[in-house]
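1. 3D, please:
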Amino acid sequence: MAVDLSAIAKWPNVPACYGWLSLDRRGDWRLQGERVSHRGLIEFINRQYGCDEAGNWFLQNGPQRVYVSLACTPWVFRREAAGWLGHTGQPAGAVKAIHVDEEGNVLLATELGIGLLDDRDLAQFLAECALEDGRPADEAAFLALLAGGDSAIRWHDIPLDNIAAADLPQRYGFIATPRP
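-> Here you go, the predicted structure:
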């Protein structure tokens, strides 16, 4: 993702901002805990959202870098007719792996990155899951997966596997709460 960094050259010593901007579990931006609703501001944040080499996600606001606190992952994916879209509107690309954490959150590892499945799309996603023999995945299979057992559940031939929520940042190279 290309973020415009041209303004930094003009003001090289602007301090970074921490703790003001966050991404919630539904892909909404929040400023000091309040949901951002202004369409223009949302579009600006979406355009300027990026990641540094250390795995910190941020908004580049002119010369200032505003670091983003992540409620779960750097991306939240929503279902669209053409496939999965990130909360910024970017296509997620192919799904490479699917994880389920101990709380039942579904996490998609895609070409765009790791993202939480928006809970509003969870029912449809679960309805599309099947066992290895092709039968629809049942409650017992999902409970076994949540309990940490081996999963025989597939979504479009991609197996669902367990992951501890605490392991996500290290495995996928992001920092959920950036610090100075």
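
2. could you pull out the helices in this protein for me?
-> 39-47, 122-127, 139-146, 168-172 (DSSP state H).

3. which of those sits most buried?
-> Of those, the one with the most neighbours on average (mean count of other C-beta atoms under 10 Å) is helix 168-172, at a mean of 16. For the C-beta atoms, the positions are set from N, CA and C on the backbone; glycine is no exception.

4. how far is that one from where the chain is centred?
-> Helix 168-172 has its C-alpha centroid displaced from the chain centroid by 12 Å (C-alpha atoms, centre = their mean, to the nearest Å).

5. could I get it in CSV with only the CA atoms?
-> The C-alpha trace of helix 168-172 is given here as CSV (Å, rounded to 0.1, in the frame of the first residue of the first chain):
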residue,chain,number,x,y,z
LEU,A,168,-1.7,-13.3,15.9
PRO,A,169,0.6,-10.2,16.1
GLN,A,170,3.8,-12.2,16.2
ARG,A,171,2.7,-14.7,13.5
TYR,A,172,1.4,-12.0,11.2
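
6. pLDDT of that helix, averaged?
-> What helix 168-172 shows for mean pLDDT is 98.

7. hang on, the earlier thing: redo the helices of the chain as TSV? Include distance to Arg179.
-> Output for these, formatted as TSV (distance: least, C-beta to C-beta, whole Å):
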stretch	distance to Arg179
helix 39-47	21
helix 122-127	32
helix 139-146	32
helix 168-172	13
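
8. could you tell me the least trusted of these?
-> Mean pLDDT per stretch puts helix 139-146 lowest among those, at a mean of 91.

9. so for Gly86, which of the helices of the chain sits nearest?
-> helix 39-47 (8.9 Å; C-beta to C-beta).

10. report the distance from the closest one to the chain centre.
-> 17 Å.

11. remind me what it packs against, helices and strands.
-> strand 29-31 (3 or more C-beta pairs under 8 Å, 6 or more residues apart in numbering; DSSP states H and E).

12. thought Asp119 was touching Asp24?
-> No. If you go by C-beta atoms under 8 Å, Asp119 and Asp24 don't touch, sitting 11.1 Å apart.
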